[in-house]
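Student: Structure here, sequence nowhere to be found:
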């Protein structure tokens with residue numbers, strides 16, 4: 001694993017989650033505790049562990065909760081080792 005692997009993985013997970021239709025944003029959790037910390041910055045909404053991954057999202061108004069979470073999980077599971085836990089933290093208001 002190269003020294004950039006955690007950075008690359010966190011960025012790839014974030015990009016994959018945000019590319020799923022119905023995902024409005026990533027969410028750092030109620031207290032900002034869900035993040036991957038990198039030198040000089042953090043990626044909110046993505047927590048990588050050696051054996052799992054957590055992704056916390058904000059949905060677009062009207063997006064199906066379970067189906068969108070399943071789509072996020074499917075988009076990410078090939079990028080990380082272990083299970084992917086998806087938490088819907090909020091729903092963005094109507095436009």
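Tutor: Arrived safely, thanks for sending. Remember, it's a predicted structure, so these values are computed and weren't measured experimentally. Numbering: from 1, shown residues only.
Student: Now do the most centrally placed residue in the chain against residue 95, distance only.
Tutor: Centrality entry for the chain: nearest residue to the mean C-alpha point is residue 55, 3.2 Å, by CA atoms, centre = their mean. Taking CB to CB, to the nearest Å as the measure, residue 55 falls 24 Å from residue 95. Placement of C-beta: from N, CA and C, glycine included.
Student: can you check residue 89 too?
Tutor: For residue 89, the distance to residue 95 - CB to CB - is 19 Å.
Student: The longest helix belonging to the chain: how far from the chain's middle?
Tutor: In the chain, ranked by residue count with DSSP state H as the criterion, the top helix is helix 5-18. A distance of 8 Å separates the centroid of the chain from that of helix 5-18, by CA atoms, centre = their mean, to the nearest Å.
Student: Give me the helices and strands touching it, please.
Tutor: Judged by 3 or more CB pairs under 8 Å, 6 or more residues apart in numbering; DSSP states H and E, helix 5-18 is in contact with strand 23-26, strand 35-38, strand 41-44, strand 46-48, strand 53-59, helix 65-76.
Student: closest to residue 82 out of those?
Tutor: Smallest distance to residue 82 across the helices and strands packed on helix 5-18 (CB to CB): 6.8 Å, for strand 53-59.
Student: and the helix or strand bottoming out on mean pLDDT in the chain with strand 53-59, angle?
Tutor: Sorting the helices and strands of the chain by mean pLDDT, DSSP states H and E puts helix 5-18 at the bottom, at a mean of 86. Counting by axes from the mean of the first three to the mean of the last three CA atoms, to 10 degrees, helix 5-18 lies at 30 degrees to strand 53-59.
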